[in-house]
Structures are given as C-alpha cells and as structure tokens.
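> I'll drop the sequence and a predicted model, then ask my questions.
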Amino acid sequence: MLGNHLGKIVVARLYRQGVGSVEKDMRRDYVWYKFAVRNGHEEYQWKLEEVTESLTSEQMAEAEKILANWQPGQCERELATGGPDH
C-alpha cells in the first residue's frame with residue numbers, strides 16, 4: 001500500500017483515540033502503523049511495537065487478518081461510515 005505516510009499515522013491516531021464518528025480500535029491502530037513501517041517509514045517502528053504490546057493475542061490475530069484481507073478504498077469506506085462494523 002503506497003500513499004502518504006503522515007496520512008497513515010493520522011488514521012492510526014484516529015483509531016487509537018476514537019475521534020468523532022470513528023470508534024476506538026487498537027487493531028486498526030496497529031494496521032496503520034504496520035502499513036507505515038512496511039512502506040519504509042522505520043521511524044514508526046517504536047510506535048508499532050508499543051501498539052503490539054497493548055494487544056491481546058486474539059486482537060493481534062484479528063489485526064493480521066485485517067491486513068491480509070485489505071482492499072483498496074477500504075479506509076475511505078470505513079472512515080465515512082464510522083468504522084468497519086457500521
């Protein structure tokens with residue numbers, strides 16, 4: 001996934017804090033930091049590790065499943081509706 005790495009970090013923070021219509025979701029916080037690190041932004045590795053430590057093994061498995069099933073445009077759809085479950 002290419003794109004603006006700062007955008008990825010902003011989306012991660014939205015999910016970390018649960019801002020506006022976006023519900024708090026640490027799994028998706030992990031996903032967005034993972035995208036940033038995968039795309040060469042190693043300066044966010046420490047944040048990815050911090051998020052990883054906060055997840056249960058079940059949440060980590062769910063986060064990895066989200067990554068494996070990611071579709072183009074998914075972020076826009078989720079943010080427009082307040083999250084994946086809406």
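That came in fine, so what should we check first? Residues are numbered from 1 along each chain as shown.

> who are the neighbours in contact with the closest residue to residue 52 other than its chain neighbours?
Distances taken as C-beta to C-beta, 6 or more residues apart in numbering place residue 30 nearest to residue 52, at 6.5 Å, with adjacent residues excluded. Heads up, the C-betas are built off the backbone N, CA and C, glycines and all. Going by C-beta atoms under 8 Å, 6 or more residues apart in numbering, residue 30 touches 48, 51, 52, 55, 60, 63.

> again, 10 Å this time
12, 15-16, 47-48, 50-52, 54-55, 59-60, 62-64, 66-67 (C-beta atoms under 10 Å, 6 or more residues apart in numbering).

> Just the buried ones from the residues you listed?
12, 15, 16, 47, 48, 51, 55, 59, 60, 62, 63, 66 (16 or more other C-beta atoms under 10 Å).

> Thought residue 28 was touching the last one, still the case?
Yes: between residue 66 and residue 28 a contact is recorded at 6.9 Å, counting by C-beta atoms under 10 Å.

> Name the residues of stretch 38-50 that come out as buried.
Buried, per 16+ other C-beta under 10 Å, within stretch 38-50: 41, 44, 47, 48.

> how near is residue 73 to residue 80?
Residue 73 sits at a distance of 10 Å from residue 80 (criterion: C-beta to C-beta, to the nearest Å).

> same question, residue 52
Distance from residue 52 to residue 80, by C-beta to C-beta: 28 Å.

> can you give me the helices in this structure?
Remark: helices assigned in the chain by DSSP state H are 5-17, 26-38, 45-54, 57-68, 74-81.

> and the angle for the shortest one with helix 26-38?
The reference is to helix 74-81. Orientation check (axes from the mean of the first three to the mean of the last three C-alpha atoms, to 10 degrees): helix 74-81 against helix 26-38 gives 150 degrees.
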